[in-house]
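# Please find the sequence and the predicted model below.
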Amino acid sequence: MNLVEIAPHNIGGVNKRYDYSAGCLIAFACRESFKLENSYKGFLAFESKTMLIDWYIEKYRAKIAMGQKMFIEPIDGQILIREYLNRKR
Amino acid sequence: MEPDNGALTTPMNADNKEFKELQLFLKNKADELDEKQRLQIELFALQIKIEDYLDAHEDEDHITEVGEFLRLYIDKLGLKQNELARYIGLDPTNFNKILSGKRKVNFELSFMLSQIFNLDPKTWILIQVKNEYLELKRDKLKYFKKYKLEDLINT
């Protein structure tokens, strides 16, 4: 997952226009990773902004690979997909 | 800390040493997975393939038959076709007809296969319905266009 960016109006607590936009983007990337036909199938790797490492760990089940490089394991990716992409209204 | 601007990641350079190290790290993680976890990943990957097929724009020139999806499960999970047939109480010859598209999947079979492969019970029926619709649209659309309400009223 090279570059993920959300619109300014979707950032922050009560005033954002849409909820779950970051979660949906990350879950979408996890879902795409299951289409890989190599040994990385189901794994999502990315480089976090320094300030967001804990946010990724706590909110999106990510783990640190090395430095700011992080990854989400297949089982956690499936949980995020269920949580954000298969969310029932 | 929550993000305070829009960028959530730093782009990675795929040509440097660090990236190669990350690849190696992930490769090792993948190698640590046990058979059950690998199976789970393959099942989920196949589920996504089917979901994408069912969600895709109607394209009557690219139809994937029920049997083709079933064969993917058989191949990816290393199953034996005849054993699967017997397990669900089907004569292997009849199961082979389903795989080759000569016989249709019924609801009961859709339930059984979905239970085994952890899918929504109607999955196989939905693939079949979508394909039948696409085939009719491809082969007989002109024929159906002759039916008109005004003709019915005027007869």
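Structure's in. What do you need?
# Just say helix, strand or coil for A:Phe71.
strand (DSSP: H, G, I helix; E, B strand; the rest coil).
# give the contact list for it.
Neighbour list for A:Phe71: A:43-46, A:62-63, A:65, B:25-26, B:29 [criterion: C-beta atoms under 8 Å, 6 or more residues apart in numbering or on different chains]. Heads up, the C-betas are built off the backbone N, CA and C, glycines and all.
# Filter the residues you listed down to the buried ones, ChimeraX style.
In ChimeraX, a selection of the buried entries from the contacts of A:Phe71 looks like this (16 or more other C-beta atoms under 10 Å in any protein chain shown):
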select /A:43,44,45,46,62,65 /B:26,29
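# Which of the contacts of A:Phe71 fall in helices?
Among the contacts of A:Phe71, the ones falling in helices (DSSP state H) are B:25-26, B:29.
# residues contacting the spatially most central residue of chain B?
Chain B has B:Ile50 as the residue nearest its centroid, 2.1 Å off, counting by C-alpha atoms, centre = their mean. Contacts for B:Ile50 were tallied using C-beta under 8 Å, 6+ apart; they are B:69, B:119, B:123, B:127.
# Closest to chain A out of these?
B:Leu119 (13.3 Å; C-beta to the nearest C-beta).
# secondary structure class for the residue lying closest to the closest one once chain neighbours are set aside?
Leaving aside its sequence neighbours, B:Leu119 sits nearest to B:Gln47 (C-beta to C-beta, 6 or more residues apart in numbering or on different chains; 6.0 Å). The local conformation at B:Gln47, judged by three-state DSSP, is helix.
# Next, please give the residue ranges for the strands of chain A.
A:44-47, A:63-66, A:69-72 (DSSP state E).
# The longest helix belonging to chain A near chain B at all?
Assignment by DSSP H gives helix A:21-33 as the longest helix of chain A. Yes: contact between helix A:21-33 and chain B is present through A:22, A:25-26, A:31 (criterion: C-beta under 8 Å from any C-beta of the partner chain).
# of all those residues, which comes closest to B:Glu21?
Distance to B:Glu21 across these (C-beta to C-beta) is lowest for A:Ile26, with 22.8 Å.
# thought that closest one was touching A:Tyr60?
Yes: look at A:Ile26 against A:Tyr60 with C-beta atoms under 8 Å: they come within range, at 5.5 Å.
# which one of these two has more residues nearby?
It is A:Ile26, of A:Ile26 and A:Tyr60, that has more neighbours when counted by other C-beta atoms under 10 Å in any protein chain shown, with 26 against 23.
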